[in-house]
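Novice: Quick check, what structure comes out for this input:
(one chain, ligands or ions: 1)
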Amino acid sequence: MRKKILIINGPNINLIGSREKNIYGKTSIEEIKTECEVHGANYYNFEIEFRQSNSEGDIINWLQEVEKKFDGLIINPAAYTHTSIAILDSLKTITKPKIEIHLSNIHSREDYRKKSITAEAADGLISGFGKNSYLLGIDAINQIIK
Ligand code: DQA
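Specialist: The predicted structure is shown next:
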């Protein structure tokens, strides 16, 4: 059976490619989605499901699907990284491999971005590799699963 990996993106990630390109790069969310699908399928035979929402409630509802429907989770909580105890609590209920990722290096940015509230519940954190953070996240999930 093909393993299913859910990738969740938080607020404003739909705008990457045009938003603060110097920080987040020129690649659009659609292109990143395709690269993730191709990378996951070609290297690991993973089926990738890629979602984005600007709403914390959607993200929490999706996190609550992971335990029953998916074999692993990659999440870029975006600004909720720095604020959301609700997302942290949801992540804590998930026993499947879970990796937090960021396009930018949150530790080299403003002080309010240096703290991730949500990473406490992740198996690991990948931050600062641009769109490759997503692909490295898929590699990391494979390392944990295999
Ligand atoms: C981000 C970093 C966050 O601080 C920011 O709010 C984002 C994107 C990243 O991928 O680098 O929206 O999660």
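Novice: What is the helix ranked longest in the chain packed up against?
Specialist: Looking across the chain with DSSP state H, the single longest helix is helix 29-44. Packing partners of helix 29-44 (3 or more Cβ pairs under 8 Å, 6 or more residues apart in numbering; DSSP states H and E): strand 4-9, strand 47-52, helix 132-145. Every residue, glycine included, has its C-beta placed from N, CA and C.
Novice: mind running it again at 6 Å?
Specialist: For helix 29-44, the elements it packs on are strand 47-52, helix 132-145, judged by 3 or more Cβ pairs under 6 Å, 6 or more residues apart in numbering; DSSP states H and E.
Novice: what does that helix contact?
Specialist: Helix 29-44 is contacted by residues N14, I16, F46, I48, F50, K131, Y134, L135, I138, N142 when judged by Cβ atoms under 6 Å, 6 or more residues apart in numbering.
Novice: re earlier: need the helices and strands packed on helix 29-44 in CSV with mean neighbour count, can you?
Specialist: Formatted as CSV, those follow (neighbours: other Cβ atoms under 10 Å):
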stretch, mean neighbour count
strand 47-52, 18
helix 132-145, 20
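Novice: And stretch 13-30, what's buried?
Specialist: I13, N14, I16, G17, Y24, G25, T27, I29 (16 or more other Cβ atoms under 10 Å).
Novice: need the contact list for A78.
Specialist: A78 neighbours (Cβ under 6 Å, 6+ apart): G10, P11, N12, I13.
Novice: how does it look with 7 Å?
Specialist: Taking Cβ atoms under 7 Å, 6 or more residues apart in numbering as the criterion, A78 is in contact with N9, G10, P11, N12, I13.
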